[in-house]
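In: below are the sequence and a predicted model for it; my questions follow.
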Amino acid sequence: MQLKVDQPKVLKVGKIGRLITHAAMALTCTLTSLPHVKAEASSQTEKKSGYFSGLRNWADWSGEIGLLGYSETEGRVQAIEPGINLNALFDGDRNWNIKLVYDALTGSSPNGALISDQPQTFTSPSGKANYTTQPGDIPLYDQFRDSRVALSTSWSQPLTRLLKGNIGLNASKEYDYLSMGLNTSLSKESEDKNTTYSLGLSYTNDSINPVGGTPIPLATMVAAGLPQPKEGTSESKSTIDLLLGVTQVINRSWIVQANLSLGLSSGYMNDPYKFVTIHNDTLGPSLGDPASYIYENRPDSRTKQSIYLASKSYSKYGILTLSYRFLSDDWGLTSHTLESNFNFALNRSWRLQPGLRVYTQSAVDFFRYSIGSGEALPSELTADTRLGDMMAITPGLKIIKKLENEREISLLLQYYMQTGEKNPATAVGSQIGQDLFPDLNAFIVHFIYSF
Amino acid sequence: MNLPIKTFTRKCFLKTEAKVSNYKKSSRTLIFFGFSMLLSACSSLGVQPWERDILSKKEMIFGACVLEAGFEDHTYFSKEGSSGGRSFSAGGCGCN
């Protein structure tokens, strides 16, 4: 089995990128040229007949077909995301995986400006049209449309009796964004197979082509039809991720996992469609009113580190899964994520899985709700609430129907509730009493058939 | 004229710094607690090959639901400032 690795034609890789590309290509060659290593847990593919018998007999197939439905309340972002994930298991515990996801988004997306008791007029990203937000409404860009296709594939196989190698490629494309990446990982089992150590490395290069051009950072928004404060049409960003993990079997009914990860990003990190409100800071009746809007500016590098701990334990009542992630970065963001679910049987073929996710986040150092017209502009500034102080809670319920031959259908229903500081101490004049961090609520549905 | 705003701003920053400091303290405690639990757990014996019946159930395998994990990561990546941890974090989208 030869894994075809096409060199992406549009990939703009730096020196590190080229090195990783070469290393990954070398590993691919190593993986595919090695003689078969007979794994202890080799699965013998049952020969089948009928339609697609050749394909079926070629490997032992498994996979999932699924659909994500995402709907924010108040007519904000709506998304439909169908996906397919296929695994082909060959003799010798060699595995090929391919995943394809399509994502269609529509609705209204917040543009970063603050709610005001005044009508607010904004210039669309293309610079050709205006749109107006009514007093008390969240400033939303309501012509938001996008679709995204994401494809990833990977090949894994044993390298020695206890060592396994994996190499993968991934690409995604949306109207103004192209992302291409490759990753590789090694996992080593202990002699008794109760401990698995893993080491992973990933490189991603993103090309961003903002609609209407790249806004000049911190430049003031200009009315539609006039020359826009834009520079260039294409930006790029690269990310390297390093992941160290260990999985440990504690006993017959308990297994735990711990991951340490480090992410290094550099390049264009701004959201080209987000504004920051400049408010009037002159004492008087117009104190706090929006005076103008500027384009945001974020640092051009980011270093993130996280620790992820997870546990699965079985009892006669069901299976409890718990996980916790602590993440911090050099932007000043710190977050805690706690997830839990409990999977239990209703009868021989039906299972239920209630779950809860709790997320808290502290703001990045350069987050401001708005900035006064008399203040000196900081070099970095964003009003994107996704980088502000916030908390999110997601309760959910998964209903699982077990079918024959280890197949199953599941329906996951979740409700995402994000909330932040609605009346920050920095609010002045007319801002006081306004909802400066509107809640974000969304219904989430996953429908998955696995076979 | 700017004085009230500067006072507000300073208060905000002090509040944020205090919050971040508290976060760091609680985070260190949690990490220490987590590692202690993990290390004590690792001293246990594990299982013999014939005792893997429960561990081989789909519900007991980390990362068994690939599509679901992908859907979740994409959703939260789009709405929050954090990503990754469970696997690689590179989002690869200009999410709104």
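Out: Noted; the coordinates are in hand. Residues are numbered from 1 along each chain as shown, chains lettered A, B, ... in the order given.

In: run through the bridge partners of residue A:350.
Out: As for beta bridges, residue A:350 partners with residue A:401 under DSSP bridges.

In: that one reaches residue A:399, doesn't it?
Out: Yes. The criterion here is CB atoms under 8 Å, and residue A:350 meets it with residue A:399 at 7.4 Å. (Glycine included, C-beta is placed from N, CA and C.)

In: more crowded one of the two?
Out: residue A:399 (14 against 11; other CB atoms under 10 Å in any protein chain shown).

In: okay, now the nearest residue to the more buried one once chain neighbours are set aside: neighbour count?
Out: Spatial nearest neighbour of residue A:399, chain neighbours left out: residue A:411 (4.9 Å); criterion: CB to CB, 6 or more residues apart in numbering or on different chains. Residues lying near residue A:411 (other CB under 10 Å) number 13.

In: residue A:303 now?
Out: 13.

In: okay, now the unreliable bits of chain B?
Out: B:1-45, B:89-96 (pLDDT under 70).

In: which ones are touching the residue nearest to residue A:399?
Out: Remark: with contacts taken as CB atoms under 8 Å, 6 or more residues apart in numbering or on different chains, residue A:411 is in contact with A:398-399, A:445-447.

In: buried only: go through those residues for me.
Out: A:398, A:445-447 (16 or more other CB atoms under 10 Å in any protein chain shown).

In: CSV for these, including distance to chain B, pLDDT and secondary structure?
Out: Formatted as CSV, those follow (distance: CB to the nearest CB, whole Å; pLDDT from 0 to 100; DSSP: H, G, I helix; E, B strand; the rest coil):
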residue, distance to chain B, pLDDT, secondary structure
A:398, 9, 98, strand
A:445, 10, 98, strand
A:446, 6, 98, strand
A:447, 10, 98, strand
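
In: in the stretch 1-150 of chain A, which spans are helices?
Out: Using DSSP state H, counting those that start in this stretch, the helices of the stretch 1-150 of chain A run over A:15-33, A:53-58.

In: circling back to that earlier point, so what strands line up beside the host helix or strand of the residue nearest to residue A:399?
Out: Assessed by DSSP states H and E, residue A:411 sits inside strand A:408-420. Strand A:408-420 sits in its sheet next to strand A:390-402 (antiparallel), strand A:440-450 (antiparallel), going by DSSP bridges.

In: any chance of these in CSV, plus distance to residue A:300?
Out: Formatted as CSV, the strands paired with strand A:408-420 follow (distance: least, CB to CB, whole Å):
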stretch, distance to residue A:300
strand A:390-402, 24
strand A:440-450, 28
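
In: most packed of the ones you listed?
Out: strand A:440-450 (a mean of 19; mean count of other CB atoms under 10 Å in any protein chain shown).

In: got a list of contacts for it?
Out: A:62-73, A:76-77, A:394, A:396, A:398, A:407-419, B:65, B:67-68, B:71, B:75, B:79.

In: now these: which count as buried?
Out: Buried among those (16+ other CB under 10 Å): A:62-64, A:66, A:68-72, A:76-77, A:394, A:396, A:398, A:408, A:410, A:412, A:414, A:416, A:418, B:65, B:67-68, B:71, B:75, B:79.

In: so which residues of the stretch 301-450 of chain A form strands?
Out: Assigned by DSSP state E, counting those that start in this stretch, the strands in the stretch 301-450 of chain A fall at A:301-315, A:318-329, A:334-345, A:350-362, A:370-372, A:390-402, A:408-420, A:440-450.

In: what of the stretch 101-250 of chain A?
Out: According to DSSP E, counting those that start in this stretch, the strands that the stretch 101-250 of chain A contains are A:120-123, A:130-133, A:140-158, A:163-174, A:177-189, A:195-208, A:235-251.

In: output the ones you listed as JSON lines; include the columns distance to residue A:301 and mean neighbour count.
Out: Output for these, formatted as JSON lines (distance: least, CB to CB, whole Å; neighbours: other CB atoms under 10 Å in any protein chain shown):
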{"stretch": "strand A:120-123", "distance to residue A:301": "29", "mean neighbour count": "20"}
{"stretch": "strand A:130-133", "distance to residue A:301": "33", "mean neighbour count": "14"}
{"stretch": "strand A:140-158", "distance to residue A:301": "25", "mean neighbour count": "18"}
{"stretch": "strand A:163-174", "distance to residue A:301": "22", "mean neighbour count": "20"}
{"stretch": "strand A:177-189", "distance to residue A:301": "18", "mean neighbour count": "21"}
{"stretch": "strand A:195-208", "distance to residue A:301": "14", "mean neighbour count": "20"}
{"stretch": "strand A:235-251", "distance to residue A:301": "10", "mean neighbour count": "20"}
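
In: relative to residue A:94, which of those strands is closest?
Out: strand A:140-158 (3.9 Å; CB to CB).
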